[in-house]
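>>> Provided below are the primary sequence and the corresponding predicted coordinates.
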Amino acid sequence: MRQYSVALLVGSLRKDSFNRAVALAITKLAPADFVFKEVSIADLPLYNQDADGHEDAATLAFRREIAAADAVLFATPEYNRSMPGVLKNALDQGSRPYGKSVWSGKPAAVIGVSPGAMGTALAQQHLKNVLSFLNMPTLCQPEIFLQYKEGLLDANGDIGAASRGFLQGFIDAYVAWVKRHLA
């Protein structure tokens, strides 16, 4: 059976990130042929075009990990009505030098969780605009704008009973999306 390698990018550097916790819990709902690996963005320097062609070790390692993945799942918080700067920086680092983007053609999906009632709706829209430019076919439905509140995760860090069916539907749609785009 084919294995699908999915890079998990979390747009938060916070140790106790809601987005990391929920993203890791959602990945447990995927079938066994989908293997998720979080790719850290914490050590990436700010993108500077002067570094094109002689990138640092962290940037080269990041690009290798994304290039090796079949697909990408993004989990983004919302900062000031947009995606975090560290996530945008990671997208820029992976897209350069010009003509050598590691993102192109990789099927993607975006999720997000926030304590606010809107979830991460605006951040996700901004992120999806960038993913479109990067030539990443991105799952549009179902959209996952989660409000982080009691019961979203259980004591074991798994998706709580009230949200499990909805999020199982999301991961099932994402799995089908990836398989269709990689067929």
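Structure's in. What do you need?
>>> make it CA atoms for all contacts and neighbour counts henceforth
OK.
>>> Now tell me which helix or strand of this structure has the poorest mean pLDDT.
strand 144-147 (a mean of 93; mean pLDDT, DSSP states H and E).
>>> just checking, what packs against that one?
strand 108-114 (3 or more C-alpha pairs under 8 Å, 6 or more residues apart in numbering; DSSP states H and E).
>>> Following element in sequence after the least confident helix or strand of the chain, please.
Note on strand 144-147: by DSSP states H and E, the next helix or strand toward the C-terminus is helix 161-182.
>>> What distance do you get for the residue lying farthest from the centre of the chain to residue 156?
Distance from the centre of the chain peaks at residue 50, with 27.1 Å (C-alpha atoms, centre = their mean). Counting by C-alpha to C-alpha, to the nearest Å, the gap from residue 50 to residue 156 is 46 Å.
>>> Kindly check the end-to-end length of stretch 144-160 for me.
By C-alpha to C-alpha, the extent of stretch 144-160 from end to end equals 15 Å.
>>> Just the buried residues of it, please?
By neighbour count, with 16 or more other C-alpha atoms under 10 Å as the criterion, the buried positions of stretch 144-160 are 144, 145, 146, 147, 148, 152, 153, 158, 159, 160.
>>> What is the nearest of these to residue 132?
residue 144 (18.0 Å; C-alpha to C-alpha).
>>> how near is that closest one to residue 75?
Separation of residue 144 from residue 75 (C-alpha to C-alpha) stands at 10 Å.
>>> And the strands in the chain?
4-10, 34-38, 71-75, 108-114, 144-147 (DSSP state E).
>>> List the beta-bridge partners for residue 74.
Taking DSSP bridges, one obtains residue 9, residue 110 as the residues bridged to residue 74.
>>> Near it, how many other residues are there?
Around residue 74 there are 22 other residues, counting by other C-alpha atoms under 10 Å.
>>> my guess is it contacts residue 19, does it?
No - using C-alpha atoms under 8 Å, residue 74 is not in contact with residue 19, being 9.4 Å away.
>>> Kind regards, and thank you for your time.
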